[in-house]
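*Asks:* I would like to see how this sequence folds:
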Amino acid sequence: MSSRITDFEITLLNIDNLPTEFFDFCYACKQEGLVNNVSKDAMKIGKWGDEAWWCTWHNKKIISISGCHSWPEYGKNSWRLMVRTATLKEYRGRAPGSLRKMHNDFNWGHILSHQVDYAARKGAKKMYFTTNSDSSGDSNSLRTNRAIAKTFEPNGLAKLVEKDATVFYTKQNVWRIMNSGWDL
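*Replies:* Down below sits the predicted model:
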């Protein structure tokens, strides 16, 4: 197993002035087959309305990214977190923290708390995230779906509120974040 990375930084991404490293990250995603993250357009940056994005940096390189956006289609004062979440393969599972609580993932273990805080400041009363639930979807998202069911749900952090919903033309499970303090 690769060693844990402790010298990383989480920063808010300025979507109006994307750094060169963002495009390097997209290129790496393309090389690794992470189709939702191969470009600004694929990620739909700037298309979600009220949105924000965070990056994990290591050695002056973006190694993971995740966004959040208001989600009025799902209810008043609702937000969708963990959008277009991706981590480059060589950095997966290398964040410091508990494997059992998915803290070893830069997005779920470290960026998620920033998104919860941000959405709360924006007036979110309900926060959600989605995971692919169809076997024709991304295999990493299917693995995440299983991990959420085994970690977040039993610990009262998230609750499955809709199974196999069609969200943006993709069959997904919709999870509501139940612990707004997000004990990390």
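*Asks:* How far does the helix or strand bottoming out on mean pLDDT in the chain sit from its chain's centre?
*Replies:* Across the helices and strands of the chain, the lowest-confidence element by mean pLDDT, DSSP states H and E is helix 139-150, at a mean of 78. Put simply, helix 139-150 sits 13 Å off its chain's centre (C-alpha atoms, centre = their mean, to the nearest Å).
*Asks:* can I get the CA coordinates of that helix in PDB?
*Replies:* C-alpha atoms of helix 139-150 as PDB (Å, rounded to 0.1, in the frame of the first residue of the first chain):
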ATOM      1  CA  SER A 139     -17.600   1.500 -11.600                       C
ATOM      2  CA  ASN A 140     -15.900   3.800  -9.100                       C
ATOM      3  CA  SER A 141     -19.300   5.400  -8.300                       C
ATOM      4  CA  LEU A 142     -20.800   2.000  -7.800                       C
ATOM      5  CA  ARG A 143     -18.000   1.200  -5.300                       C
ATOM      6  CA  THR A 144     -18.700   4.500  -3.600                       C
ATOM      7  CA  ASN A 145     -22.300   3.700  -3.400                       C
ATOM      8  CA  ARG A 146     -21.500   0.400  -1.500                       C
ATOM      9  CA  ALA A 147     -19.100   2.200   0.800                       C
ATOM     10  CA  ILE A 148     -21.600   4.900   1.700                       C
ATOM     11  CA  ALA A 149     -24.200   2.200   2.500                       C
ATOM     12  CA  LYS A 150     -21.600   0.400   4.700                       C
END
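*Asks:* Other residues contacting that helix?
*Replies:* Met102, Trp108, Thr131, Asn132, Ser133, Ser135, Ala158, Leu160, Asn173, Trp175 (C-beta atoms under 8 Å, 6 or more residues apart in numbering). All C-beta spots, glycine's among them, are computed from the backbone N, C-alpha and C.
*Asks:* residue ranges with poor pLDDT in the protein?
*Replies:* The model of the chain has pLDDT under 70 over residues 1, 134-141, 179-184.
*Asks:* Now do the helices in it.
*Replies:* For the chain, the helices defined by DSSP state H cover 20-32, 40-43, 106, 112-121, 139-150.
*Asks:* which one of those helices is the most hemmed in?
*Replies:* Comparing those by mean neighbour count (mean count of other C-beta atoms under 10 Å), helix 106 comes out on top with a mean of 31.
*Asks:* got the contact list for the closest residue to Lys122 other than its chain neighbours?
*Replies:* What sits nearest to Lys122 in space, not counting adjacent residues and going by C-beta to C-beta, 6 or more residues apart in numbering, is Asp50, at 6.6 Å. By C-beta under 8 Å, 6+ apart, the contact set of Asp50 is His69, Ser70, Lys122.
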